[in-house]
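Enquirer: A predicted structure for the sequence below; I have some questions about it.
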Amino acid sequence: MNTPPTTLQQLIERARSYPPLPMAVVDAGETYVLEGAREAAEAGLIEPVLVGDRERIETLAAQIGYTLDGVRIVAANGEEEAAEKGVQLVLGGEVCGLMKGWIHTDVLMHPVLQHLRTGRRVSHVFVAELPTYPKLLYVTDAAINIFPDLPQKASIVQNAVDLARLLGVEQPKVAALSSVEVVKPEIPSTIDAACLSKMAQRRQIRHAIVDGPLAFDNAISKEAARIKQIDSEVSGEVDILLAPDLDAGNILAKDLAYLAKATLAGIVVGARVPIVLPSRSDPPQGRLASCAIAVLVHRLWPSVCRQDGNGAGER
């Protein structure tokens, strides 16, 4: 088991020990998208394949001084065609990851869910570095699953646990969040949280300690838990925060970024290849760390590009 990283820079440095990941940048015809692809390529993390309007990509690249020598462009008209062509590049073994460009997430994910499913549920995990917390904090799901039910939440937790373990956390501690820390039948998220805790005890969720329901303060602060007389192995030492639904997860992640000065990286897991969903507001460190996590997921977690040992990822 690797030493648990405490910063996103450590993940970037770990990923740099591997060859760059061939990655399709889907609908790449926008300045910030091209800047992100160039940053990741210059950092030695990815080999970008730019998918989209060729003329627009070349024009914008020239405006920002991005030399496209040796960079492959795959022409596509519109975001739907770009998404389809990105997925076809994966299926053909030409790339081993996808990056969202100037495309809506649901448009990108439609062909992904059609063609790149595995036995796992597809979910998103944010990895946050905070100046006020001693280790990386994982937040899930804030981008893919809107109103997950109990079995879906169990799968979302397992995805996040497996990602954290892959990155070096031997036995992640998971807080199933709600607005209160006691079970109330009128608040369904408290019932789901309690069930998830028992499922982990019965090894239906593996390699993790899960506690819930926990309110955010009880999850993050051992002192808050002590004052409220909550006896929990997770309180104050949490690695993974499970949000009750997408709205809560998205608001939580953005609150951490804008009020707690967190730097966020993020990855979609559960598909045949890692998928990066950057935002225009992401700082360069967050974009690079997202690509770094994609590299580590591909190298350390089975991927379509390595099934026969001859894919692009084996370069």
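Expert: Right, received. Where do you want to start? On a predicted model such as this, the values are computed, not experimentally measured, just so you know.
Enquirer: going forward, measure contacts between C-alpha atoms and count neighbours the same way
Expert: Noted.
Enquirer: what stretches of this protein score poorly on pLDDT?
Expert: 1-2, 302-315 (pLDDT under 70).
Enquirer: in it, which spans are helices?
Expert: 8-15, 31-42, 54-63, 78-91, 105-115, 150-166, 188-201, 216-220, 222-227, 246-259, 284-300 (DSSP state H).
Enquirer: what does the third one contact?
Expert: Surrounding helix 54-63, the residues in contact under the criterion CA atoms under 8 Å, 6 or more residues apart in numbering are 28, 29, 30, 31, 34, 67, 68, 73, 74, 75, 76.
Enquirer: what angle separates that helix from helix 31-42?
Expert: 70 degrees (axes from the mean of the first three to the mean of the last three CA atoms, to 10 degrees).
Enquirer: buried set for helix 54-63?
Expert: Using 16 or more other CA atoms under 10 Å as the test for burial, helix 54-63 gives 54, 57, 60, 61.
Enquirer: with only the CA atoms kept, save that helix in PDB.
Expert: Listed next in PDB are the C-alpha coordinates belonging to helix 54-63 (Å, rounded to 0.1, in the frame of the first residue of the first chain):
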ATOM      1  CA  ARG A  54     -10.600  21.700 -36.500                       C
ATOM      2  CA  GLU A  55     -10.600  25.300 -37.700                       C
ATOM      3  CA  ARG A  56     -11.700  26.700 -34.400                       C
ATOM      4  CA  ILE A  57      -9.200  24.600 -32.500                       C
ATOM      5  CA  GLU A  58      -6.300  25.800 -34.700                       C
ATOM      6  CA  THR A  59      -7.400  29.400 -34.500                       C
ATOM      7  CA  LEU A  60      -7.700  29.500 -30.800                       C
ATOM      8  CA  ALA A  61      -4.500  27.600 -30.300                       C
ATOM      9  CA  ALA A  62      -2.600  30.100 -32.400                       C
ATOM     10  CA  GLN A  63      -4.100  33.000 -30.300                       C
END
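Enquirer: just to revisit the earlier point, figure out which of the helices of the chain is closest to residue 133.
Expert: When the helices of the chain are compared by CA to CA, helix 216-220 sits nearest residue 133, at 8.7 Å.
Enquirer: show me what the closest one is packed against.
Expert: strand 173-177, helix 222-227 (3 or more CA pairs under 8 Å, 6 or more residues apart in numbering; DSSP states H and E).
Enquirer: how about residues contacting that helix?
Expert: Outside helix 216-220, the residues touching it (CA under 8 Å, 6+ apart) are 175, 177-179, 181, 224-225, 230, 234-238.
Enquirer: which of these lies closest to residue 169?
Expert: Using CA to CA, the contacts of helix 216-220 come closest to residue 169 at residue 238, 11.2 Å.
Enquirer: hang on, the closest one packs against residue 173?
Expert: Yes - with contacts counted by CA atoms under 8 Å, residue 238 reaches residue 173, the gap being 5.0 Å.
Enquirer: one step back: nearest to residue 115, out of the helices and strands packed on helix 216-220?
Expert: strand 173-177 (30.8 Å).
Enquirer: and residue 166, how many neighbours?
Expert: 18 (other CA atoms under 10 Å).
Enquirer: what about the nearest residue to it once chain neighbours are set aside, distance to residue 114?
Expert: Nearest residue to residue 166 in three dimensions, chain neighbours excluded: residue 300, at 6.9 Å (CA to CA, 6 or more residues apart in numbering). Residue 300 sits at a distance of 24 Å from residue 114 (criterion: CA to CA, to the nearest Å).
Enquirer: now residue 225: closest residue in space that isn't a chain neighbour?
Expert: Per CA to CA, 6+ apart, closest to residue 225 is residue 218, 4.7 Å.
Enquirer: what about the one you found, neighbour count?
Expert: Count around residue 218 with other CA under 10 Å applied: 27.
Enquirer: and it, how far from residue 231?
Expert: 10 Å.
Enquirer: mutual contacts of these two, please.
Expert: residue 225.
Enquirer: more neighbours: residue 300 and residue 114, which one.
Expert: residue 300 (12 against 9).
Enquirer: excluding its backbone neighbours, what's nearest the residue nearest to the spatial centre of the chain?
Expert: Using CA atoms, centre = their mean, the residue of the chain that lies closest to the mean C-alpha position is residue 267, 1.9 Å off. Leaving aside its chain neighbours, residue 267 sits nearest to residue 276 (5.0 Å; criterion: CA to CA, 6+ apart).
Enquirer: what's the answer for residue 160, then?
Expert: residue 125 (6.4 Å).
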